[in-house]
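**Q** compute the structure for the input listed below.
(one chain, ligands or ions: 1)
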Amino acid sequence: MAAQDKKRMLPASIAAMRSRKRQKLDGPVSRPVVPTQPAKTSVRSDALAWKDVSLPDRLENYEGFFGLEEIDDVDVMKDDSTGKVSFLSSKSTHPAQVQPGGITSGDEAEHCDDDGEEWSGFGDATQGPAMAAVLAPSSKLSAALEKPAKQRKPTKAIELPKHNEKHKIASTKDSSAAFEILTEELTAKEADVYAWRGLNLSPDTLSSLSRLGFAKPTPIQRSAIPDILAGHDVIGKASTGSGKTLAFGIPILERFLELRSTSQHSNGAKAPLALILSPTRELAHQLDKHLTALCSYGLEDGPSIATLTGGLSMQKQERLLKYADVVIGTPGRLWEVMSAGQGTIKALQQIQFLVVDEADRLLSEGHFKEVEEILNALEREADTNDDNEEAKEEQVAFSPGEHTRQTLIFSATFDRGLQRKLAGKGKSGGELKINKDSMEYLLAKIKFREEKPKFVDVNPINQLATGLKEGLIECSGPEKDLYLYALLLLHRNTRALVFTNSIDAVRRITPLLQNLGLPAVALHSGMMQKARLRSIERFTQTSNSGKPSSSILVATDVAARGLDIPNVKLVIHYHLPRAADTYVHRSGRTARAGQQGSSILICGPEEVAGVRRLVAKVHAHSAAADEESVSEAAKQGYYIRTLDIDRRIVSRLKPRTVLAKKLADTVIAKEKAHKADELFRSAAEELGVDYDSEEFEKTDNGRRGRGSKRKANEREAREFTKADVGAMRAELRALLAQRVNVGVSEKYLTSGGVDVEELLRQKEEGGDKGSGQFLGRVEGLGIE
Ligand SMILES: Nc1ncnc2c1ncn2[C@@H]1O[C@H](COP(=O)(O)OP(=O)(O)OP(=O)(O)O)[C@@H](O)[C@H]1O
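**A** I've put the predicted structure just below:
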């Protein structure tokens, strides 16, 4: 590279860098800049002799920046072997920071790319936003500025000392980080994060977002992050799958980085920075995953996260807790750990963020008591009766300071007025009562930092994702299995989630579908935690080609909230959800992050009235509004479309469905009988009496009453011998291999499954006589 009299640091333009890098690669090796007179020494970027640049008035205080600095007479050196970059200058503001010997070392090295081009500075035409982007400490931001880059002078940002110390700290890191990322190449997935510029995030966070491929903030992120960074309590509401996790996760990371840069956060035992409450174990682990992903790019020594959920080793979780920056927990396990002493309560009283995710559910479904205990404990003054020595020591270490905690509450259905409408009239009345008061409950229980938390509602009209299509299949109660099977056949190559209202239903439907050759797995709260996690894993796994495998998760509402599983295209409500907000959350497992998806209710005659009420509640606001935010379907004048399925054709699937059900029921009945038998036998042993299972059964059979038909069925199923079961399996295999004549078109469904390709071909060739013939007219739902 030709030496220049006047060298300037590169503006942060990765795109420009990449093209230049390509040119360089044509040569043997990139060479360091050759310094010209006078002799120059390696200097850290913050020790360079930066000069103020006066700005036009209109740029004053633009988004927190109040000044620019520029630098002349600096050479940029890059060591190709290490990738490290240093700056050579004859001038330095801090002689002590001049490092002899060229390349700077370790963390203090300024990373930059030596491209050998001269930068002639900003033209007068530089506009505010563009300028801000240049100033913002991220190469990713600047990728959007490729063109004007050559007219820019190298600049360094200095930010206003504002309400939030963070900004000042970010400013000290700005210059080095901006250069650091100049050495990075954008990979295919990396995004230009120019659109995040207004949020004033640190380079580390921006770099992470870029690598996650998140080019712009979602509406809830755009609205909530500035409020949280400014220190406000926030109650945030946004539709399912709209990025609420990072809306609170990013500010937590920012605070962590701030503390880390001022060495206020060590790697040793410490009080955590944030506590996140989650209603379910799966969601807790997912939150962990999302935050870990956010923190794992370009962040050495990122925050450590401890996830406290039931079903996994408490000792291990307690150990992790001691070193955690972020604690995520389900109320039950968290409270268990807190009440076990060890100074946990004292440590948690020091948190700076309390996040209540899916707040309405946390308060409404059996967690009420524990959440209350946790909140009380967080507010309690140091417990003087705590005679645990270790706790006392920690109490000193974590002596409570002033109340600085921010509270952040998030949900898709957290709206006071709406909440009341959505709560529904639960039979027990309990859920209704608590839901109805959930906002008031929270407001009363939580010690907010400010008198009024900020309420951020980015979708007051439609809580459902805009890409969601809703449908309904009406059938008789006993036909539900059949229609479920038919629907899943049509979606054989997709990822589908089937929701039921009971654990028993999950236990029954999962083997039924498996018997029919479908890849179904179960998820409910009665399962061991490891099995729960395994089910999620199997449901989310991808094929060897990297494509999502087709899979079906049959679940209770334990999977309704928060779970972010990519590529779920179909949600089926086997049972009508008990409350409208559950419908919203269940349906929200599809059509996430701007994607499309379908939500279909399989509805028995007794559920029809309930569906009407549901539609009225869920779509009440959409009906009243002619807003952009209403779904496409709503714009076309319907909310939930009835799927007109050809019953004659579906009925051809009946023999195999009936047999598959019989087999599943038999296995379940036998297992149940076996368990009951063991239970009675050990009880009899303890009592020292004889137990005769046949005698016992006879007595039991004598009783009549509710459930007696079910019991009779169970008895019948129990009586099947192994050979009977074997014969049934063989018969089912034969049925699955049989052609299912679909009538007019004379096409067929074969084997353990259905040749979907064939079905699709039928559709192409035969129009309405194709797959439409098989499952009726389903336009408007994205099911083709
Ligand atoms: N700025 C962004 N750009 C693109 N994708 C994003 C962005 N922020 C988050 N996502 C992705 O969007 C998906 C949904 O995010 P998240 O799980 O936080 O949604 P949510 O609003 O909490 O949903 P729910 O109400 O169902 O819990 C995730 O896969 C997440 O990685």
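**Q** flag every buried residue along stretch 656-672.
**A** 656-657, 659-666, 668-670 (16 or more other CB atoms under 10 Å). (C-beta placed from N, C-alpha, C; glycine too.)
**Q** out of those residues, which touch the ligand?
**A** Checked against the ligand using CB under 6 Å from any ligand atom, the buried residues of stretch 656-672 yield no neighbours at all.
**Q** can you list these in a markdown table and add distance to residue 203, secondary structure and pLDDT?
**A** A markdown table is the format used below for these (distance: CB to CB, whole Å; DSSP: H, G, I helix; E, B strand; the rest coil; pLDDT from 0 to 100):
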| residue | distance to residue 203 | secondary structure | pLDDT |
| --- | --- | --- | --- |
| 656 | 59 | helix | 92 |
| 657 | 58 | helix | 94 |
| 659 | 62 | helix | 93 |
| 660 | 57 | helix | 94 |
| 661 | 58 | helix | 93 |
| 662 | 63 | helix | 91 |
| 663 | 59 | helix | 92 |
| 664 | 56 | helix | 92 |
| 665 | 60 | helix | 89 |
| 666 | 62 | helix | 89 |
| 668 | 57 | helix | 85 |
| 669 | 62 | helix | 83 |
| 670 | 62 | helix | 77 |
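**Q** let's have these in CSV, adding distance to residue 588.
**A** As requested, those are exported to CSV (distance: CB to CB, whole Å):
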residue, distance to residue 588
656, 33
657, 29
659, 35
660, 30
661, 30
662, 35
663, 34
664, 29
665, 32
666, 36
668, 31
669, 36
670, 38
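**Q** quick check, nearest of these to residue 347?
**A** Distance to residue 347 across those (CB to CB) is lowest for residue 668, with 46.1 Å.
**Q** the closest one contacts residue 505, correct?
**A** No. Contact criterion CB atoms under 8 Å: residue 668 and residue 505 do not qualify, at 11.5 Å.
**Q** closest to residue 511 out of the buried residues of stretch 656-672?
**A** The shortest distance between residue 511 and any of those, using CB to CB, involves residue 664 and amounts to 4.0 Å.
**Q** who's in contact with the closest one?
**A** Applying CB atoms under 8 Å, 6 or more residues apart in numbering to residue 664 gives the contacts 508, 511, 512, 515.
**Q** quick check: the third one is in a helix.
**A** Yes. Under DSSP: H, G, I helix; E, B strand; the rest coil, residue 512 falls within a helix.
**Q** distance check, it against residue 229.
**A** 51 Å (CB to CB, to the nearest Å).
**Q** establish whether stretch 489-508 and the ligand are in contact.
**A** No. If you take CB under 6 Å from any ligand atom as the test, stretch 489-508 misses the ligand, and the best it gets is 12.2 Å.
**Q** quick check: mean pLDDT across that stretch?
**A** Along stretch 489-508, the predicted local confidence has a mean pLDDT of 90.
**Q** buried residues of it, list them for me.
**A** Taking 16+ other CB under 10 Å as the neighbour-count basis, stretch 489-508 is seen to contain the buried residues 489-492, 494-501, 503, 505-508.
**Q** export that stretch as CSV, just CAs?
**A** What follows is stretch 489-508 as a C-alpha-only set of coordinates in CSV (Å, rounded to 0.1, in the frame of the first residue of the first chain):
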residue,chain,number,x,y,z
LEU,A,489,-52.2,-36.8,7.0
LEU,A,490,-52.7,-33.7,5.0
HIS,A,491,-49.9,-32.1,6.8
ARG,A,492,-47.6,-35.1,6.9
ASN,A,493,-44.5,-33.1,5.9
THR,A,494,-44.9,-30.4,8.5
ARG,A,495,-44.3,-29.8,12.2
ALA,A,496,-47.6,-29.8,14.0
LEU,A,497,-48.6,-29.3,17.6
VAL,A,498,-51.8,-30.9,18.9
PHE,A,499,-53.2,-29.4,22.1
THR,A,500,-55.5,-31.3,24.5
ASN,A,501,-57.1,-30.3,27.8
SER,A,502,-55.8,-33.3,29.8
ILE,A,503,-52.9,-35.5,30.5
ASP,A,504,-55.0,-38.5,29.9
ALA,A,505,-55.9,-37.3,26.4
VAL,A,506,-52.1,-36.9,25.6
ARG,A,507,-51.5,-40.4,26.9
ARG,A,508,-54.1,-41.8,24.7
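**Q** what does the stretch 151-300 of the chain put close to the ligand?
**A** The stretch 151-300 of the chain has residues 214, 217, 218, 221, 238, 240, 241, 242, 243, 244, 245, 246 near the ligand, with proximity defined as CB under 6 Å from any ligand atom.
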